[in-house]
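Trainee: Have a look at this prediction, sequence included:
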Amino acid sequence: MFEGIIENVRTNSPLVHCITNYVTVNDVANMVLAIGASPIMADDEKDAVDITAICTGLDINIGTLNSRTIKTMYKAGKRANELNHPVILDPVGAGASKLRTQTTLGLINKIHFDVVRGNVSEIKTIYNGSGKTSGVDASIEDVVTDKNLMDSVAFAKNLSKKLNTIIAITGAIDIVTDGNKSYVIRNGHPLMSRITGSGCMLTAVIDAFICANPDRKLDATACAVSVMGICGQKAFEKGKAKSGSDESCGTGTFRALMIDEMSLMTSSKFEENKKIEIL
Amino acid sequence: MFEGIIENVRTNSPLVHCITNYVTVNDVANMVLAIGASPIMADDEKDAVDITAICTGLDINIGTLNSRTIKTMYKAGKRANELNHPVILDPVGAGASKLRTQTTLGLINKIHFDVVRGNVSEIKTIYNGSGKTSGVDASIEDVVTDKNLMDSVAFAKNLSKKLNTIIAITGAIDIVTDGNKSYVIRNGHPLMSRITGSGCMLTAVIDAFICANPDRKLDATACAVSVMGICGQKAFEKGKAKSGSDESCGTGTFRALMIDEMSLMTSSKFEENKKIEIL
Amino acid sequence: MFEGIIENVRTNSPLVHCITNYVTVNDVANMVLAIGASPIMADDEKDAVDITAICTGLDINIGTLNSRTIKTMYKAGKRANELNHPVILDPVGAGASKLRTQTTLGLINKIHFDVVRGNVSEIKTIYNGSGKTSGVDASIEDVVTDKNLMDSVAFAKNLSKKLNTIIAITGAIDIVTDGNKSYVIRNGHPLMSRITGSGCMLTAVIDAFICANPDRKLDATACAVSVMGICGQKAFEKGKAKSGSDESCGTGTFRALMIDEMSLMTSSKFEENKKIEIL
């Protein structure tokens, strides 16, 4: 199912245009490089159209959006659609402010996204047209658990069909679906939520994966989600081992080790560690 | 005096809205997460008013300010005041340019800040209405030493009373005062001045501390300052141990270890290591 | 040839004004601090003119440029020229978009740069007035190799004379020339191209070096290029040793170790490890 997906990223080394927030942009760039792809950041209207054209794919992340960059998101998105480049949306904080909710809905209305990745509150905001996202984190009452898993998958499938987009809801349990086939993924580590940018990095990495595997976008997305989770697991283990006997892994070291793990990722590590279930 | 302050941050996990510079924003976010709070960055006028409202507190940091973000600082500050949210100012580089000095003075004039934290040159600029800050660092002739300590505390108390604001002057020796009670803090390590963002991170952490301890803002501020200094001390020790026998801790590793130490901070570590004197 | 250059940076601790992209700005600031200089970032027109005036040098890096910051680049550049401050240009992505190419050419036309540092595709774009830079990386057909080395040096010398600027073309093999004397430098490690910002960091470090050594700009530039390469080499060795027996150094750890190495750099380490050839 996932054969060759990681190798294709390293071999094709897709160039990914990222219009993304300034909080986590450095980690996004380093994570994209770590998996073997190349990032380029350009958020000015005049710059972005040219940059979109020379790239393989586009990642739109609305964190720290402003009126100038929102305009660029629309222009670059349209151009990427015309060129048939894989486009992904990360609706950071949709549901937390009117501007973020409206921008998310507006972008989805005007641009075709191959994948939309967010936490469950952000994705529910897309479905409902409004939300109550707790800052950039999911609200506790929204969180995907074993109890509500079947309902959550059904919801994701619905939205996927409605938008004709792969939906990736990530958290402790991840759901990836194209409306027909669905994956439930249980890789990852709780520390990933104690550093900024785990979601932003994953979104850009997914875009690199689908750019390098354009005929297998669903599998490539699920693979990327699992790979990121495995990076978190292995980073925690290494960090704990390094920190000495009595302490856990600190979050500063954890973040660097996550990027390390991505740069050292192989197909065989993925196959050994993946926790992916098909529904 | 400081009982329960750190636990309250971890338990309440306040959501802190940061309008801050793009140089150190990632470290600010990771440091806020490390102590158990949650950051959200939003600097667009339209976005910020909603975001301010869903947060517990507001951190305004003027580094890399521009006309667009300055407008947002005023709007968000007013909104936070209306909602009675703890607001903190970091006047990065006040005294180094007219725009930074005027913005600092203007914000202080229009917005009530619970705490203003800066280096001594920035704080003197507020008092004098102009300054000679050496870039983003304190001028050498301003630095707080044992010799001028009593005068420096008297100056901080004066300014605190004048502005009805807790003043935190940080450097090798830190002063925290509400005009009546004053703390002198001697935690920290010189390497903290060889990485960017030590001050920015501390300001956001103080905001998280006062959000979680709204009735004990002075003590919470002093506690946060000491905690940050302890992180620096412990990071240096660990970094030195890791780097091998003959070399000191490099600054790249030091920075990650500082965040590690914050994520691993406990009340008992604080009590064991704090160097806080009451004046 | 290089005696005292590194010591001068540490002793004079020049204040470097950086107008730079938000992707790598944090690493740029930390790298400038690591070598013993001080960075200040200011990209607003009103702010920048004052900041330029209190600094020793100016670094203009066009990554993530926009119409607001382009204006600031021109203003700050002119002011720095008037004040006779060392000014350096990093034409990130020149050749990848019209805006980047035109901004680069426009800046070079209006401002005197002491040094222009870029990858070979960016530098060729300056020479030809247009280019085909692959995102922010050099195109494969442009890369400097042993085979085309003499031609590449001749090209760099030509451009240097034409612009009356030191040209630094960096990659696996680096060329630094003032049109008369040329250096070929073979320090560095391939992992430097797998993290974001190696080039941006180097540009800012060169500016610190020429600020502290204003009468020896060519030698200071070559020294900075070699020093950065040595940091990469040593970071890789340490990272590999730390990562355990069977794995290489991950890129997250590598990046922190690069900054470590700069903060621990000495003249004797430089002399022992430099691979600099004079042509």
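Mentor: On my side now, so go ahead.
Trainee: Enumerate the residues of the stretch 1-150 of chain A near chain B.
Mentor: Those residues of the stretch 1-150 of chain A that sit near chain B, judged by C-beta under 8 Å from any C-beta of the partner chain, are A:21-24, A:26-27, A:63-67, A:93, A:96-100, A:134-137. Heads up, the C-betas are built off the backbone N, CA and C, glycines and all.
Trainee: which among those residues end up buried?
Mentor: By neighbour count, with 16 or more other C-beta atoms under 10 Å in any protein chain shown, the residues of the stretch 1-150 of chain A next to chain B hold A:21-24, A:26-27, A:63-66, A:93, A:96-97, A:99-100, A:134-137 as buried.
Trainee: before we move on, back to that, the residues of the stretch 1-150 of chain A next to chain B: which ones sit near chain C?
Mentor: Of the entries in the residues of the stretch 1-150 of chain A next to chain B, the ones placed beside chain C under the rule of C-beta under 8 Å from any C-beta are A:22, A:26.
Trainee: Hmm, A:A204 and A:V32 touching each other?
Mentor: Yes - here A:V32 lies in contact with A:A204, judged by C-beta atoms under 8 Å, at a distance of 5.1 Å.
Trainee: For chain A, just list every one of the helices.
Mentor: A:5-12, A:25-34, A:45-54, A:67-82, A:98-110, A:120-128, A:149-163, A:198-212, A:217-243, A:251-263, A:267-273 (DSSP state H).
Trainee: deepest of these, which one?
Mentor: Burial of those is given as mean neighbour count (mean count of other C-beta atoms under 10 Å in any protein chain shown); helix A:198-212 ranks first at a mean of 28.
Trainee: residues from the stretch 151-279 of chain A in reach of chain B?
Mentor: A:194-197, A:243, A:247-253, A:255-256.
Trainee: ok, of those residues, which one's closest to B:V49?
Mentor: Nearest to B:V49 among these, counting by C-beta to C-beta, is A:T196 at 22.6 Å.
Trainee: ok, and the closest non-adjacent residue to the closest one?
Mentor: Across the structure, with C-beta to C-beta, 6 or more residues apart in numbering or on different chains as the measure, the residue nearest A:T196 apart from its sequence neighbours is B:A29 (3.9 Å).
Trainee: Run through the stretch 151-279 of chain A and note the low-pLDDT ranges.
Mentor: Counting by pLDDT under 70, the stretch 151-279 of chain A has low-confidence residues at A:244-245.
Trainee: Sorry, wrong one. I was asking about the stretch 1-150 of chain A.
Mentor: Looking along the stretch 1-150 of chain A with the criterion set at pLDDT under 70, you get no residues whatsoever.
Trainee: Which residues of it lie near chain C?
Mentor: Counting by C-beta under 8 Å from any C-beta, the residues of the stretch 1-150 of chain A near chain C are A:15, A:22, A:25-26, A:29-30, A:33-34, A:38-44, A:46-47, A:50-51, A:54-55, A:68.
Trainee: What residues does the stretch 151-279 of chain A have near chain C?
Mentor: Within the stretch 151-279 of chain A, the residues that sit near chain C (C-beta under 8 Å from any C-beta) are A:255-264.
Trainee: Tabulate those in TSV, adding columns for distance to B:K234.
Mentor: Listed next are those as TSV, based on distance: C-beta to C-beta, whole Å:
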residue	distance to B:K234
A:R255	18
A:A256	18
A:L257	19
A:M258	22
A:I259	24
A:D260	23
A:E261	25
A:M262	28
A:S263	28
A:L264	29
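Trainee: Among the residues you listed, which one lies nearest to B:V9?
Mentor: Using C-beta to C-beta, A:R255 comes nearest to B:V9 of these, at 20.4 Å.
Trainee: And the residue of the stretch 151-279 of chain A found nearest chain C, how close does it get to C:I195?
Mentor: Closest approach of the stretch 151-279 of chain A to chain C (C-beta to the nearest C-beta) occurs at A:D260, with a separation of 2.3 Å. Using C-beta to C-beta, to the nearest Å, one gets 11 Å for the distance from A:D260 to C:I195.
Trainee: what do those two both touch?
Mentor: Common neighbours of A:D260 and C:I195, using C-beta atoms under 8 Å, 6 or more residues apart in numbering or on different chains, are C:T251.
Trainee: Roughly how far does A:L107 sit from A:M41?
Mentor: With C-beta to C-beta as the criterion, A:L107 and A:M41 are 18 Å apart.
Trainee: An error on my part: the question was meant for A:L58.
Mentor: Noted for A:L58: a distance of 12 Å to A:M41, by C-beta to C-beta.
Trainee: between these two, what contacts are shared?
Mentor: Overlap between the neighbourhoods of A:L58 and A:M41 consists of A:17-19, taking contacts as C-beta under 8 Å, 6+ apart.
Trainee: nearest residue to the most centrally placed residue in chain A other than its sequence neighbours?
Mentor: When C-alpha atoms, centre = their mean is applied to chain A, the residue found nearest the centroid is A:T203 (2.0 Å). The shortest distance from A:T203 to any non-neighbouring residue, by C-beta to C-beta, 6+ apart, is to A:D90 (4.0 Å).
Trainee: got a list of what that neighbour touches?
Mentor: When contacts are counted by C-beta under 8 Å, 6+ apart, A:D90 is found next to A:20, A:59-63, A:116-118, A:199-200, A:203.
Trainee: Relative to A:Y22, how far out is it?
Mentor: Computed with C-beta to C-beta, the distance linking A:D90 and A:Y22 is 14 Å.
Trainee: same thing with A:D47?
Mentor: For A:D47, the distance to A:Y22 under the criterion C-beta to C-beta works out to 16 Å.
Trainee: Excluding chain neighbours, what is closest to whichever residue of the stretch 151-279 of chain A sits closest to chain B?
Mentor: Per C-beta to the nearest C-beta, the residue of the stretch 151-279 of chain A with the smallest distance to chain B is A:G250, at 2.3 Å. Once flanking residues are discounted, A:G250 sits nearest to B:D260: 2.3 Å by C-beta to C-beta, 6+ apart.
Trainee: was I right about the one you found contacting A:L257?
Mentor: No - counting by C-beta under 8 Å, no contact exists between B:D260 and A:L257, whose distance comes to 11.1 Å.
Trainee: So for these two, which residues contact both of them?
Mentor: Contact criterion C-beta under 8 Å, 6+ apart; residues bridging B:D260 and A:L257 by contacting each: A:C249.
Trainee: Out of the contacts of A:D90, which comes closest to chain C?
Mentor: A:T20 (9.2 Å).
Trainee: ok, the closest one - contacts?
Mentor: Residues A:28, A:41, A:59-61, A:63, A:90, A:200, A:204 are the ones in contact with A:T20 under the rule C-beta under 8 Å, 6+ apart.
Trainee: what do you get for A:T177?
Mentor: With C-beta under 8 Å, 6+ apart as the criterion, the residues that contact A:T177 are A:153, A:156-157, A:160, A:166-167, A:183, A:218.
Trainee: one more time with 10 Å
Mentor: A:153-161, A:165-169, A:183-184, A:218, A:221-222, A:279 (C-beta atoms under 10 Å, 6 or more residues apart in numbering or on different chains).
Trainee: Quick check: beta-bridge partners of it?
Mentor: Assessed by DSSP bridges, A:T177 has beta-bridge partners A:I167, A:S182.
Trainee: A:V116 is in contact with A:L163, correct?
Mentor: Yes - taking contacts as C-beta atoms under 10 Å, A:L163 lies within contact range of A:V116: 7.2 Å.
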